[in-house]
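Quick one, structure for this:
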Amino acid sequence: MQAGRMKYRLLVYEPITGADGWGEETPEYREICVIHAERVKISGHRSDEVGEHFPDYRAEYNNRDVHPVKDNWRVKQLGGYLYTVTNVIPNLDRGMKTLICERVNP
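Next comes the predicted model:
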């Protein structure tokens, strides 16, 4: 990993548990930090669900392992889309993590 390739800035959101007026848990997120990352891969396709068409984007980012990012957190590429982190793959030899992300449909 070279620092020059880490040109994307990601805003990291941590999930916190909240409850609505009925006592049902609602997912809420709070902003943690902004990190620099290298986008390794981006892909997209269209999925058909219940007769509707949805765009489906996936992205993979490399970032330094000192940043606190875990599964089911969210990251937003500044100037881009909001993603849910589905997997965090550590690479201890290189001192980094690979974030496997799926776009959050609006």
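
so residue 78 touches residue 10, yeah?
Yes: using C-beta atoms under 8 Å, residue 78 makes contact with residue 10 at a distance of 7.3 Å. Heads up, the C-betas are built off the backbone N, CA and C, glycines and all.

quick one: which of the two has more around it?
For residue 78 versus residue 10, the count of surrounding residues by other C-beta atoms under 10 Å is larger for residue 10: 26 against 9.

So that one belongs to a helix, correct?
No: secondary structure of residue 10 (DSSP: H, G, I helix; E, B strand; the rest coil): strand, not part of a helix.

any idea how far the nearest residue to it once chain neighbours are set aside lies from residue 49?
Of all residues not flanking residue 10 in the chain, residue 75 sits nearest, at 4.4 Å (C-beta to C-beta, 6 or more residues apart in numbering). For residue 75, the distance to residue 49 equals 24 Å [C-beta to C-beta, to the nearest Å].

Neighbour count for the two, which is higher?
Between residue 75 and residue 49, counted using other C-beta under 10 Å, the more crowded position is residue 75 (26 against 9).

Which strand or helix spans the more buried one?
strand 74-77 (DSSP states H and E).

and the next element down the chain from that strand?
Trace forward from strand 74-77 with DSSP H and E and the next one is strand 82-91.

Tell me the bridge partners for the residue nearest to residue 10.
In this structure, residue 75 bridges to residue 12, residue 83 when assessed by DSSP bridges.

Just give me the neighbour total for residue 25.
Using other C-beta under 10 Å, residue 25 is surrounded by 9 other residues.

for residue 42, same thing?
Using other C-beta under 10 Å, residue 42 is surrounded by 15 other residues.
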